[in-house]
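Chemist: what would the 3D arrangement of this be:
(one chain, ligands or ions: 2)
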Amino acid sequence: GFLVFVFQSEICSTKHTERVSFVFSLFSPRRTDVNSVTNWNAPLVWEGTFDPVVIDAIYKKMDPRVAVVVFAVGKYTRFLKGFLESGEKHFLIDFRVTYYIFTDNEKDVPKVELGEGRKISVVTVPSANRWQDVVLGRMKWATITIDKQIRNEADYLFMMDIDSVFHNRFGAESLSQLSAVLHRGNYKKKRTNFPYERRAKSRAYIPLDEGDYYYTAAVWGGYLEDMYKYCYKQSEEDAKNGIEAVWQEESHLNKYLLYNKPTKVLSPEYLWSDYDQIPADIKVVRISQLIKDYKKVRPNGGH
Ligand SMILES: CC(=O)N[C@H]1[C@@H](OP(=O)(O)OP(=O)(O)OC[C@H]2O[C@@H](n3ccc(=O)[nH]c3=O)[C@H](O)[C@@H]2O)O[C@H](CO)[C@H](O)[C@@H]1O
Ligand SMILES: [Mn+2]
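Modeler: Numbering: from 1, shown residues only. Ligands and ions are numbered 1, 2, ... in the order given. This is a model prediction of the structure:
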């Protein structure tokens, strides 16, 4: 506290953003076992590379409104309770958060006690016969709803899978113009081994010698206008051409993020999975995907 005070009074004439990064470099704890910056100089966030109290205080001054868009179509409503209850314990605590629940079954949205300044907003979407249509339709419905509603109600937006549970702090260090999470299964691979779409016929195609990271589509976020620019039209064009990208909208997101670099990259702490052991570089699991019986929850069965 004392050090921060002395130091801030010395640089009070500099611009806010400079002050922020300066505070970081002096007071952030360090990690030497992982990269904490990308090769385009965006922060790569791991436990131990930021001070949670300082960063929450910095963002709290702007008091942003954060939208979380989750889909719970068909049997996926069963995941809402665990997601929301754990989110209320760990997700941007003391910030203004609205969960936008896109569902075909409003009756199954559970009553969950929410903290102050936090809300749930239910958006009705059609049912689907194929799980692929739900995941591919997410950005289409999100875009329509940003236009109609969310644009007036939020500053930042996160898209998240619903089949997951928060286990630890997911705080203001995640906020940025465009934030993406390294996919837990691919962050140690070489780019030639990333599961990008490799068929040139698809609009998601990425050649073998391109690519920075493989990002998950299950957690990503940013300013509304930046998220909005990511266009679902690419996957609609694929459908017209009779091709579906290997990892559906995740493939299209990876293509988009190759040419529109994230301004912040989050480590796989921000989406781990109960299927996988936790390696030494993952000090904290912030969200974990649940083990689920694909045959039971998906309308058309497994993978
Ligand atoms: C961790 C990770 O890499 N996740 C990706 C992987 O997820 P998963 O295999 O975890 O896909 P998933 O079954 O969780 O589907 C993604 C999300 O779509 C929603 N949903 C899906 C089906 C349905 O019938 N009803 C419904 O509401 C729900 O919010 C769900 O969490 O593959 C998907 C499709 O390729 C997406 O790219 C996911 O982001
Ligand atoms: Mn999932």
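Chemist: use CA for all of it now, contacts and neighbours both
Modeler: Will do.
Chemist: please save the CA atoms from stretch 180-192 in PDB.
Modeler: Extracted in PDB, the C-alpha atoms of stretch 180-192 (Å, rounded to 0.1, in the frame of the first residue of the first chain):
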ATOM      1  CA  ALA A 180      -8.700 -15.200 -26.100                       C
ATOM      2  CA  VAL A 181      -7.800 -18.300 -24.100                       C
ATOM      3  CA  LEU A 182      -5.100 -20.900 -25.100                       C
ATOM      4  CA  HIS A 183      -6.800 -24.300 -25.700                       C
ATOM      5  CA  ARG A 184      -5.600 -26.600 -22.900                       C
ATOM      6  CA  GLY A 185      -4.900 -29.500 -25.300                       C
ATOM      7  CA  ASN A 186      -2.700 -27.600 -27.800                       C
ATOM      8  CA  TYR A 187      -0.700 -24.900 -26.000                       C
ATOM      9  CA  LYS A 188       2.500 -27.000 -26.000                       C
ATOM     10  CA  LYS A 189       2.200 -28.000 -29.600                       C
ATOM     11  CA  LYS A 190       4.000 -26.600 -32.700                       C
ATOM     12  CA  ARG A 191       1.800 -24.700 -35.100                       C
ATOM     13  CA  THR A 192       2.000 -27.400 -37.700                       C
END
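Chemist: now do it: everything it contacts.
Modeler: With contact meaning Cα atoms under 8 Å, 6 or more residues apart in numbering, stretch 180-192 is reached by 194, 208-216, 219-221, 262, 264-268, 270-273.
Chemist: out of those residues, who's near ligand 1?
Modeler: residue 216 (Cα under 6 Å from any ligand atom).
Chemist: can you flag the buried ones in the contacts of stretch 180-192?
Modeler: 194, 211-216, 219-221, 262, 264-268, 270-273 (16 or more other Cα atoms under 10 Å).
Chemist: among those, which are located in strands?
Modeler: If you go by DSSP state E, the buried ones among the contacts of stretch 180-192 have 215, 216, 219, 220, 221, 264, 265, 266, 272, 273 in strands.
Chemist: need the contact list for the first one.
Modeler: In this case it means residue 215. So residue 215 contacts 180, 181, 182, 183, 250, 253, 254 (Cα under 8 Å, 6+ apart).
Chemist: can you do 10 Å?
Modeler: 180-187, 194, 196, 250-251, 253-255, 257-258, 265-268 (Cα atoms under 10 Å, 6 or more residues apart in numbering).
Chemist: give me the mean pLDDT for stretch 77-91.
Modeler: The average pLDDT within stretch 77-91 is 98.
Chemist: contacts for it, please.
Modeler: With Cα under 10 Å, 6+ apart as the test, stretch 77-91 has contacts from 70-72, 93-94, 97, 99, 101-115, 118, 120, 161-172, 286-287, 290, 297.
Chemist: which of the residues you listed come close to ligand 1?
Modeler: Restricting the contacts of stretch 77-91 to those near ligand 1 - Cα under 6 Å from any ligand atom - leaves 70, 71, 72, 161, 162, 163.
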